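Participant: got a predicted structure here, sequence first:
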Amino acid sequence: MSDRARVSWHQNSETRYRYGPASPDPDRVEPLGFPPPWPTRPWIYANVIASKNGILTWKRAGAHDDPVRAIAGGDGTRSGRLADLQLMRYLRACADAISFGAQTLRDQPDLIGTLDIEGGLGDALYQFRVRHGLGRVPIQVVYSESGRLDLAAPMFNTPHLEVIIITTGAGARLLRGRGSHEKGLTMFVAAEDRIDSVGLSRSHERLFGEFGVRYLDCEGGAVMLESLHQAHLLDEVFVTVTNAHVEPTEHTEVKRIFDFEAEGACLIGEGRTASDPGYIFRRWRFNQR
């Protein structure tokens, strides 16, 4: 019997399956296909959750103010939210690397892009990666222009976890002064003071050429997604849309999801769970391959 949190993709026009059309766990996730990577850089996809009026996040007013929890409706047990988490883990499992912006790491200091999730799916995803010759955990990539990262965070202190920081010359000097070399962290210096589209492009070409990253899963934040999009590097976005309405006037520095249709993106996938019609799962593609 299929899991109540299983997303059924009633629209799915991507049928090129990198690892074959078999699902890692047929009861919990349907197989997802991806096009081949670009000749010199990874295929980059993002995974976000948005309110029904298109809000992704805002500046937190304090530890109690969690945009993701609010957008998810405040109930972590509903099947739509469980489906969203299962899809997130599956998208991580399909990637050679997972990337985060520095603000995402500040907001979630314990964050590590692992595959762990309750219910048995995590084990299936680890086995899926082993079968296909992938490392147990994807490479972790952090974008930080300033280099102001807390190197005491778990991501930078977990044994056998490969971490790459894309930063500036100034940021690299700051990180080295704080002991990044002793922690075995790799740094890509994308520019001296400010990372532009050229620096982002070159950094992802290095991920491709030096670390074998063919598929990269970016989990935000919103500023980082916009930067990748402006650099024409963000190929597609998986968007979980909830039935929560967020009043933008109640928050500051509100960030919204892209207006995909206005920007010429193509809807290549849409799905729901059988038990929670309040969640819709969509897949929008910017770059055709």
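Facilitator: Looks like it came in fine. Numbering: from 1, shown residues only.
Participant: now do the helices in the stretch 51-200 of the chain.
Facilitator: Remark: helices of the stretch 51-200 of the chain, listed N- to C-terminal, are 67-71, 79-93, 102-107, 121-131, 169-177, 197-211; assignment by DSSP state H, counting those that start in this stretch.
Participant: among those helices, which comes closest to L267?
Facilitator: Distance to L267, taken as C-beta to C-beta, is lowest for helix 79-93 among the helices of the stretch 51-200 of the chain, at 16.4 Å. Quick note: C-beta positions are derived from backbone N, CA and C, even for glycine.
Participant: what's in contact with that closest one?
Facilitator: Helix 79-93 is contacted by residues 3-7, 24, 28-29, 32, 45, 47, 49, 72-73, 75, 98, 113-117, 119, 121-122, 125-126, 128-129, 138, 217, 219, 238, 240, 242, 273, 275-276, 278-279, 281 when judged by C-beta atoms under 8 Å, 6 or more residues apart in numbering.
Participant: how distant is it from the center of its chain?
Facilitator: Using C-alpha atoms, centre = their mean, to the nearest Å, we find the averaged C-alpha position of helix 79-93 to lie 11 Å away from the chain's own average C-alpha position.
Participant: now it: average pLDDT?
Facilitator: On average, the pLDDT along helix 79-93 is 95.
Participant: next, the angle from it to helix 121-131.
Facilitator: 20 degrees (axes from the mean of the first three to the mean of the last three C-alpha atoms, to 10 degrees).
Participant: could you export helix 79-93 as PDB, CA atoms only?
Facilitator: Extracted as PDB, the C-alpha positions of helix 79-93 are listed here (Å, rounded to 0.1, in the frame of the first residue of the first chain):
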ATOM      1  CA  SER A  79       0.500  14.300   5.200                       C
ATOM      2  CA  GLY A  80       1.200  17.200   2.800                       C
ATOM      3  CA  ARG A  81       4.100  18.400   4.900                       C
ATOM      4  CA  LEU A  82       5.400  14.800   5.300                       C
ATOM      5  CA  ALA A  83       5.200  14.500   1.500                       C
ATOM      6  CA  ASP A  84       7.200  17.700   1.100                       C
ATOM      7  CA  LEU A  85       9.900  16.400   3.500                       C
ATOM      8  CA  GLN A  86      10.000  13.100   1.600                       C
ATOM      9  CA  LEU A  87      10.400  14.900  -1.700                       C
ATOM     10  CA  MET A  88      13.100  17.100  -0.200                       C
ATOM     11  CA  ARG A  89      15.100  14.000   0.900                       C
ATOM     12  CA  TYR A  90      14.600  12.300  -2.500                       C
ATOM     13  CA  LEU A  91      15.800  15.400  -4.300                       C
ATOM     14  CA  ARG A  92      18.900  15.400  -2.100                       C
ATOM     15  CA  ALA A  93      19.500  11.800  -2.900                       C
END
